[in-house]
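Q: what follows is a predicted protein model with its sequence.
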Amino acid sequence: MRNSDVDVEPEPVPEQVPRLGLRHLQALLLFLGLVVTTILQFNVGVAVVAMTNATSVDPELPHYNWTEKQKSYILSSYYWGSALTQFPGGYLCKRFGAKLVLFWGVIGSAMLTVWTPQGIYVAGWRAYCAIRWLQGLCQGVTLPCIHQHLANWAPAVERTRLGAFAYTGFDCGNVLAMYAAGMLASSNLGWPGISYTAGALGLTWCLLWLLLGSNRANEAPCIGQAEKRYIIGDLQRSKRRERRLAIPWRGIFTSAPFYALLCARCADTWGLATMQAELPSYLNNVLGMDMHSNALFSALPFLLMWAMCYVYLLIADVLLRRRCLSLTALRKTYTSIALWTPAAIMLALGFVDAKQAPLALALVTLSVGVSSAATIGSELNTIDLSPVHASILSGIQSTFTNLVAMCTPLVVGVLVKNPEDRSEWQLVFSIAAMVLFSGNVIYLIWGTAETQPWNDSGESRRESVDFEDAKLEIEANTNANKILN
């Protein structure tokens, strides 16, 4: 029989990995989750101002004569709780999966938010502190869960893009927390409407998460086979390495680059927390803005911050692809922008009074807006230092930054006795500027984006190079094509 007479079955065409797939849906859910948790966390700054000033059109709503020290307890109490659940959150994620842990954390915080007005009616600021502390306990698991979920779903060549997109939910949430809370406070709903709306958003997200979220690609019911193979195949090697490697505690706690990173992150947190918690009070008391204007101008800096995240990401991508800067130089450049620019602006802000309100607003907006460079500058540096143990470094870092965020309102409560006195705010801004300046100096001296020796714990350096290539994404398209083919 001739070969031409033999029927040859055509080879099946391999299924292509979708450009937009279930991994992108998971990133979108994380983005929305961060939007919601940020609203639940940061609407308190506007709410406290509304509770202590007759901002609502409803005259029957109660208002309170809380001291600055009592306000500082309310603003900081969230962090008392969240600092306690950073490490347990990482363990619970690995034990039960990010989906379940994050679901219970957010639904717990949302329910507490809905109950907030009733608690305040009964026990005043003390109840508010207790509720905020419990919210901190619930939401302390958020960042470990998001980190774990991204690790389970994001292939190496897409990790930076999916991760950066998910984390911009923090900036979007800041905008909504400031603007929407101010608008609600000046409406018929008054300050209780802030809690009810935020709680409803949290419960809605929990429903979406429960229906659409999946811990891993092999557990998702609607994922295509090509996308599943793409994700699972890319992550298998990393998971095998993590099982073989012990956590190098001694290496971590004797690492100068890690301590430099810790200083930079704590400094950035001090400056940002000062603005997040105290900006509504500063605009109301020093610049004399009503709640409606306060809402708009409190949100404006965080709107610029959100937009600048994408600008910084695009510029960083170009600089790395063209090899204009090494990753270490890029991290230090972006960190310097994020810390030194707000430091200089805060020093200038202390000399601006109510007669120069437009200048003060411009300075505040610019200070917060440029600080989003920290996302690329120092926030992702844990992955540089140790790709294998990044979750451990992130947990340690989050614990310290939560403690810093807890202390910031307390310091303001001690320093600011008369919130209308500009000289007292000048001291607040000067301290923040000193912290920002010092944190960046330490990072410039000892910080690095080089993978540390204790990352491999004696294993082959070849795999570390592979991690570096994936992390830099300089040849992301080439690597992606190899995986897809």
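A: Looks like it arrived, so ask away. Quick caveat, the model's predicted, so the values are computed rather than measured. Numbers count the residues shown, from 1 in each chain.
Q: what pLDDT is listed against the closest residue to residue 34 other than its chain neighbours?
A: Residue nearest to residue 34 in three dimensions, not counting chain neighbours: residue 169, with 3.0 Å by Cβ to Cβ, 6 or more residues apart in numbering. C-betas here are computed from N, CA, C, even on glycine. With respect to pLDDT, residue 169 scores 89.
Q: tell me which residue is most central in the chain.
A: Centroid check for the chain by Cα atoms, centre = their mean gives residue 170 as the closest residue, at 4.9 Å.
Q: for it, identify the helix or strand it belongs to.
A: Secondary structure from DSSP states H and E places residue 170 in helix 159-185.
Q: if you count contacts, what does that helix end up packed against?
A: Judged by 3 or more Cβ pairs under 8 Å, 6 or more residues apart in numbering; DSSP states H and E, the packing partners of helix 159-185 are helix 22-42, helix 44-51, helix 142-153, helix 190-212, helix 256-285, helix 291-321, helix 462-472.
Q: format these as TSV; extra columns: mean neighbour count and distance to residue 218.
A: Formatted as TSV, the helices and strands packed on helix 159-185 follow (neighbours: other Cβ atoms under 10 Å; distance: least, Cβ to Cβ, whole Å):
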stretch	mean neighbour count	distance to residue 218
helix 22-42	23	12
helix 44-51	27	40
helix 142-153	24	10
helix 190-212	20	16
helix 256-285	24	33
helix 291-321	20	30
helix 462-472	17	21
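Q: out of the ones you listed, which is closest to residue 227?
A: Taking Cβ to Cβ, helix 22-42 is the member of these nearest to residue 227, at 6.3 Å.
Q: how far does that closest one sit from the chain's center?
A: Centre-to-centre, helix 22-42 and its host chain are 10 Å apart (Cα atoms, centre = their mean, to the nearest Å).
Q: so which elements touch that helix?
A: By 3+ Cβ pairs under 8 Å, 6+ apart, helix 22-42 packs against helix 98-139, helix 142-153, helix 159-185, helix 190-212, helix 225-244.
Q: to residue 349, which of these lies closest?
A: Closest among the helices and strands packed on helix 22-42, using Cβ to Cβ: helix 159-185, at 17.6 Å.
Q: how about residue 213, phi and psi?
A: Dihedral pair for residue 213: phi -80, psi 150, per degrees, to the nearest 10.
Q: mind checking how far it is from residue 230?
A: Relative to residue 230, residue 213 is positioned 19 Å away (Cβ to Cβ, to the nearest Å).
Q: re the thing from before, okay, now the residue nearest to residue 34: neighbour count?
A: Applying other Cβ atoms under 10 Å, we find 23 other residues in the vicinity of residue 169.
Q: that one contacts residue 27, correct?
A: No - in terms of Cβ atoms under 8 Å, residue 169 does not count as a neighbour of residue 27; the distance is 9.7 Å.
Q: TSV for the helices and strands packed on helix 159-185, including distance to residue 445 and mean pLDDT?
A: Below are these laid out as TSV (distance: least, Cβ to Cβ, whole Å; pLDDT from 0 to 100):
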stretch	distance to residue 445	mean pLDDT
helix 22-42	32	91
helix 44-51	34	84
helix 142-153	27	82
helix 190-212	42	93
helix 256-285	7	86
helix 291-321	22	80
helix 462-472	23	43
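Q: out of those helices, flag the one nearest residue 435.
A: helix 256-285 (4.6 Å).
Q: tell me the angle the closest one makes with helix 291-321.
A: 150 degrees (axes from the mean of the first three to the mean of the last three Cα atoms, to 10 degrees).
Q: number the residues from 13 up from this point.
A: Okay, using 13 as the starting number, the last item reads as helix 268-297.
Q: between helix 171-197 and helix 268-297, find me the angle.
A: Using the same axes, to 10 degrees: helix 268-297 against helix 171-197 is 20 degrees.
Q: distance from the chain centre to helix 268-297, please.
A: That offset, for helix 268-297, works out to 13 Å (Cα atoms, centre = their mean).
Q: with stretch 398-410 instead?
A: That offset, for stretch 398-410, works out to 15 Å (Cα atoms, centre = their mean).
Q: same check, this time on stretch 86-105
A: 14 Å.
Q: and that stretch, what's buried?
A: For stretch 86-105, the neighbour count (16 or more other Cβ atoms under 10 Å) marks 86-102, 104-105 as buried.
Q: kindly report the same for stretch 222-237.
A: Those would be 225, 226, 227, 228, 229, 232, 235, for stretch 222-237 by 16+ other Cβ under 10 Å.
Q: in strands only, show me those residues.
A: With DSSP state E as the criterion, strands contain none of the buried residues of stretch 222-237.
Q: in a markdown table: those, plus distance to residue 350 and pLDDT.
A: Listed next are the buried residues of stretch 222-237 as a markdown table, based on distance: Cβ to Cβ, whole Å; pLDDT from 0 to 100:
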| residue | distance to residue 350 | pLDDT |
| --- | --- | --- |
| 225 | 31 | 87 |
| 226 | 34 | 87 |
| 227 | 33 | 85 |
| 228 | 34 | 82 |
| 229 | 34 | 80 |
| 232 | 36 | 79 |
| 235 | 37 | 78 |
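Q: which among those residues gets closest to residue 294?
A: Looking across these and measuring by Cβ to Cβ, the closest to residue 294 is residue 225, at 38.5 Å.
Q: can you tell me how far that closest one is from residue 231?
A: Residue 225 is 10 Å from residue 231, by Cβ to Cβ.
Q: can you give me the neighbour number for residue 457?
A: So residue 457, with other Cβ under 10 Å, has 10 neighbours.
Q: distance-wise, check the closest residue to it other than its chain neighbours relative to residue 449.
A: Nearest-residue entry for residue 457: residue 272, 7.0 Å, with adjacent residues in sequence omitted and distances by Cβ to Cβ, 6+ apart. Distance, residue 272 to residue 449, using Cβ to Cβ: 15 Å.
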